[in-house]
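[1] Okay, sequence plus prediction incoming.
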Amino acid sequence: MNPIDLRKCLTSGQVFRWREAEPGVWEGYDGSQFGRLCTASFGLQEDPLGKLTLAESGSWHQYFRLDEPQDLQSHIAAMCPKFATLPRQEGLRLLRPSDPVESFFSFLCTSNNHLGRITKMVEHLLPLAHASEGGNTAADEPERLLNIPSFTEPELRAAGFGYRAATIPRAAQLLINRGGRQYLLDLRQASLREAQAELLSFPGVGPKLADCIALYALHNTEAVPVDVHLWNGAVRLYFREWRGTTLTAKKYQVIGDHFRSLFGSWAGHAQLFVYYAGVVAGRSGGN
């Protein structure tokens, strides 16, 4: 079994700075670190055209959470018979992005949006800091960091950000006022409830975005973002009495608490598989 399916991991709405450069070869960034990765029969191997291998960089082990069980879905399914009825998604893993600034601003772009447009917005927002003269690439300068975006509302409206053009600059300024990247790094030590309260105080951040940021920027795996796919999956698996009803703030909390009661610190991992099952069902026209 291959523990990593790059396509599933990198196009499942967890991160937005990757592209398939050629069949089976993916290029992108985790924060400032450039990666050129390919799928092999077991895990990742060195690409002949690149020199980065999984074995050479512990950060990629961290990124793909290879410190966790190889058969992640079976590990979680052992905790809940109903979860075990989900279709198998070989190689899907919860990612652990290293730079909280990347995840924070990426998810500010995601509400009421689709993957292609989100990717373009993230590319616009997150240039690397200290751009070099002479055409050096990010791969040549791994010490560089992502900027906290400094765009104005008119600039973002001109770039097609819509209503997000008003909230993203305000969120950026508030993040700077609170300490920038270090503020987010410090929040990694907070409880989920404390982190949610902090994140909800940012303009444009509601409960789902707060949980996305908590899960990916803060690495709090008790966070359970509830979107339409997770809602449908949770209703099918656990809350059949809610069929035909709509998601409310109270139900949002109940779903998250239920996942946490079943899976504990694996709740964020579990929601990814339920969410992705809904995505696949939607693509195939299933229910």
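    Yes, it's here.
[2] Which positions in the longest helix seen in the chain come out as buried?
    As assigned by DSSP state H, the longest helix anywhere in the chain is helix 267-284. Neighbour counts over helix 267-284 (16 or more other C-beta atoms under 10 Å) mark 267-279, 281 as buried. From N, CA and C alone the C-beta is placed, and that goes for glycine too.
[3] Name the strands paired with the helix or strand harbouring residue 34 and say parallel or antiparallel.
    Using DSSP states H and E, residue 34 sits within strand 33-39. Note on strand 33-39: by DSSP bridges, its sheet partners are strand 25-30 (antiparallel), strand 44-45 (antiparallel).
[4] right, so of the ones you listed, which gets closest to residue 232?
    The closest of the strands paired with strand 33-39 to residue 232 is strand 25-30. By C-beta to C-beta, the value is 28.8 Å.
[5] about what we covered before: so what touches the longest helix of the chain?
    For helix 267-284, contacts defined as C-beta atoms under 8 Å, 6 or more residues apart in numbering pick out 8, 12-14, 68, 72-73, 76, 79-80, 83, 86-87, 89, 92, 94, 215, 220-230, 232-234, 237, 256, 259-260, 262-263, 286-287.
[6] right, and residue 82 touches residue 240 too?
    No - checked against C-beta atoms under 8 Å, the pair residue 82 and residue 240 is beyond contact range at 10.6 Å.
[7] Which one of those two is surrounded by more residues?
    Between residue 82 and residue 240, residue 82 has the larger neighbour count (other C-beta atoms under 10 Å), namely 11 against 8.
[8] who's in contact with the more buried one?
    Counting by C-beta under 8 Å, 6+ apart, residue 82 has contacts 237-238.
[9] Same question for residue 100.
    Counting by C-beta under 8 Å, 6+ apart, residue 100 makes contact with 181, 184-185, 187-188, 217-218.
[10] Mind putting those residues into TSV with pLDDT, neighbour count and distance to residue 197?
    Shown next, in TSV, are the contacts of residue 100 (pLDDT from 0 to 100; neighbours: other C-beta atoms under 10 Å; distance: C-beta to C-beta, whole Å):
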residue	pLDDT	neighbour count	distance to residue 197
181	96	18	20
184	98	22	14
185	97	15	17
187	98	22	10
188	98	13	15
217	98	24	15
218	98	25	13
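[11] so can I have TSV of those showing secondary structure?
    TSV is the format used below for the contacts of residue 100 (DSSP: H, G, I helix; E, B strand; the rest coil):
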residue	secondary structure
181	helix
184	helix
185	helix
187	helix
188	coil
217	coil
218	coil
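[12] Return the member of these nearest to residue 201.
    Nearest member of the contacts of residue 100 to residue 201, counting by C-beta to C-beta, is residue 187, at 11.7 Å.
[13] Report the separation between residue 154 and residue 23.
    Distance, residue 154 to residue 23, by C-beta to C-beta, to the nearest Å: 41 Å.
[14] swap that for residue 7, please
    Distance, residue 7 to residue 23, using C-beta to C-beta: 10 Å.
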